[in-house]
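**Student:** could you work out the structure for the sequence below:
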Amino acid sequence: MAISFFATEISDLCLGKPPLRPLPTTATVADAVISLKQSGEIYVSVWSCDCCRCVGKISMVDVILHLCKEENLLNPLDALQAHVLVLIPKVKSQIRHMEPNSSLLEAIDCILEGAQNLVIPICNNSRKNQQFCWLTQEDVVRYLLNSIGIFSPIPTFTIEALDIIEKSTLTVNYNDPAITTLPLISCSLLDQTSIGVVNKDNRLIGEISPFTLACCDETVAAAIATLSAGDLMAYIDCSGPSDDLVNLVKMRLQERNLTSMLDLMDDYYNPLSSSSSSCCSSDEESGSVKNGCVGRFYPGRRSEAIVCHPWNSLIAVMVQMIALRVSYAWVVQQDYTLVGIVTYAEILKQFRSIDGTRSNNNNLI
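**Tutor:** Numbers count the residues shown, from 1 in each chain. The predicted structure follows:
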């Protein structure tokens, strides 16, 4: 049963998927920011018009990391006019093109080889104007969850018994400068995990999640440059930063003579700007990044780390991750001592091994 299930064509997973909105490789970082804000999506796809292929994806986290470079903190407006390709990680196979008749097993193998998004042609009657959608790790795990019964009894086993808890995690101390997390943010974005914020006893206090950062605006670069890890958690909280934190960031920018970044913040937090009738102002329509909005507050943006325990079952953790739209869950003891992390990649490895085991057993019969 499981073997035939893995033969399912991935076109079945694409039903109802919206077409991707392409951003050309000739665009600027500012164009990417506008596209992200107008689309309301976490990622925007970047396409080469020459060969009609997706060459990468960009989120607000990539923009923030770009602005956090020392030279760009001094001249953020110039940094926003840089070529959009500077944001795309030099990582091969992060985006993979696949045919609609490819199997679910092939899709899982691509993900386990490092692909984050699988680009699939949307079947239509027109050969000109071909549209594409993409599948994510979440899409594949959700599809597996919908047919979880065929994998019984594996889903009822604990994540500890299945040995899918990754002990190696990205963590930072609560009082460490947030600027020291930049390499960790880059790694967590590539691995689709998060950065745990811990105290001296290695107890999980919270997290700095790429997903949460992706729901913010580009001015968070100023907060990363000036705050501690703990204060940054409060700054990117789902309710938005307090006036005290905003003023603290502005004061420290002024102390470091980062006047251009301070001006960028004023465009977002100035009461006169925020009272404008629409976030999508005429400035945005004309190509400016300034929109008078404090941030991009998605319904899924959250302030608390998602946790589970070693004794939780695989199916319970899968349901939790899908329900909360996260690609990972922190594993902690009862007192929140950090044990490790469970990711979609490890879960998919488990299901892939189930298929391999059953295939080998069938060959022995």
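**Student:** by mean pLDDT, point me to the weakest helix or strand of this protein.
**Tutor:** helix 282-285 (a mean of 40; mean pLDDT, DSSP states H and E).
**Student:** any idea which helix or strand comes after it?
**Tutor:** As assigned by DSSP states H and E, the chain's next helix or strand after helix 282-285 is strand 307-308.
**Student:** tell me the SS of A234?
**Tutor:** Put simply, A234 is helix when judged by DSSP: H, G, I helix; E, B strand; the rest coil.
**Student:** look up how far L338 lies from it.
**Tutor:** From A234 across to L338, the span is 20 Å (C-beta to C-beta, to the nearest Å). No exception for glycine: its C-beta is placed from N, CA and C like everyone else's.
**Student:** kindly report the same for Q320.
**Tutor:** 17 Å.
**Student:** neighbour count winner among those two?
**Tutor:** L338 (21 against 16; other C-beta atoms under 10 Å).
**Student:** for that one, give its distance to S209.
**Tutor:** L338 is 15 Å from S209, by C-beta to C-beta.
**Student:** just G16 next, same as before
**Tutor:** Going from G16 to S209 by C-beta to C-beta gives 27 Å.
**Student:** more crowded one of these two?
**Tutor:** For G16 versus S209, neighbours defined as other C-beta under 10 Å are more numerous around S209 (26 against 6).
**Student:** SS state for the nearest residue to E304 once chain neighbours are set aside?
**Tutor:** Of all residues not flanking E304 in the chain, G206 sits nearest, at 6.9 Å (C-beta to C-beta, 6 or more residues apart in numbering). Three-state call for G206 (three-state DSSP): strand.
**Student:** bridging residues for G206?
**Tutor:** On the basis of DSSP bridges, G206 is bridged to V197.
**Student:** how many neighbours does it have?
**Tutor:** Quick note: G206 (other C-beta under 10 Å) scores 21 neighbours.
**Student:** isn't I108 right next to Q350, touching?
**Tutor:** No. In terms of C-beta atoms under 8 Å, I108 does not count as a neighbour of Q350; the distance is 10.7 Å.
**Student:** quick one: which of those two has more around it?
**Tutor:** Using other C-beta under 10 Å as the criterion, I108 and Q350 rank with I108 on top: 22 against 19.
**Student:** got the contact list for that one?
**Tutor:** F6, V140, L348, F351, R352 (C-beta atoms under 8 Å, 6 or more residues apart in numbering).
**Student:** what's the first helix or strand after the helix or strand that contains it?
**Tutor:** Using DSSP H and E, I108 maps to helix 104-112. Using DSSP H and E, the next helix or strand after helix 104-112 towards the C-terminus is strand 117-121.
**Student:** which other helices and strands does that following strand contact?
**Tutor:** For strand 117-121, the contact count by 3 or more C-beta pairs under 8 Å, 6 or more residues apart in numbering; DSSP states H and E identifies strand 43-48, strand 53-59, strand 95-97, helix 104-112, strand 132-136 as packing neighbours.
**Student:** with distance to V249 and mean pLDDT as new columns, can the ones you listed be given to me in TSV?
**Tutor:** Below are those laid out as TSV (distance: least, C-beta to C-beta, whole Å; pLDDT from 0 to 100):
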stretch	distance to V249	mean pLDDT
strand 43-48	26	94
strand 53-59	22	93
strand 95-97	34	95
helix 104-112	38	96
strand 132-136	33	95
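**Student:** select, out of the ones you listed, the one closest to T171.
**Tutor:** strand 53-59 (22.1 Å; C-beta to C-beta).
**Student:** could you give the angle of the closest one to strand 132-136?
**Tutor:** Going by axes from the mean of the first three to the mean of the last three C-alpha atoms, to 10 degrees, strand 53-59 is angled at 50 degrees with respect to strand 132-136.
**Student:** can you give the contact residues for strand 53-59?
**Tutor:** Contacts for strand 53-59 (C-beta under 8 Å, 6+ apart): 20, 22-23, 25, 32, 36, 42-48, 84-85, 87-89, 94-95, 97, 116-117, 119, 132, 134, 189, 210, 214.
**Student:** of those, buried ones?
**Tutor:** 20, 22-23, 25, 32, 36, 42-47, 84, 87-88, 94-95, 97, 116-117, 119, 132, 134, 189, 210, 214 (16 or more other C-beta atoms under 10 Å).
**Student:** strands of the stretch 251-365 of the chain, start to end?
**Tutor:** 307-308, 328-332, 338-343 (DSSP state E, counting those that start in this stretch).
**Student:** can I get those strands in CSV with distance to L245 and mean pLDDT?
**Tutor:** Putting the strands of the stretch 251-365 of the chain into CSV (distance: least, C-beta to C-beta, whole Å; pLDDT from 0 to 100) gives the following:
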stretch, distance to L245, mean pLDDT
strand 307-308, 25, 98
strand 328-332, 25, 98
strand 338-343, 26, 98
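**Student:** any chance of those in CSV, plus distance to P155?
**Tutor:** CSV is the format used below for those (distance: least, C-beta to C-beta, whole Å):
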stretch, distance to P155
strand 307-308, 14
strand 328-332, 15
strand 338-343, 13
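**Student:** for C52, find the nearest of those.
**Tutor:** strand 338-343 (31.9 Å).
**Student:** neighbours around the residue nearest to Y269 when sequence neighbours are not counted, how many?
**Tutor:** In this structure, Y269 finds its nearest non-sequential neighbour in V246, 5.5 Å apart by C-beta to C-beta, 6+ apart. Residues lying near V246 (other C-beta under 10 Å) number 19.
**Student:** do V29 as well
**Tutor:** 24.
**Student:** mind listing what it touches?
**Tutor:** Contacts of V29 (C-beta under 8 Å, 6+ apart): V63, H66, A79, L80, Q81, A82, H83, V84, V86, L87.
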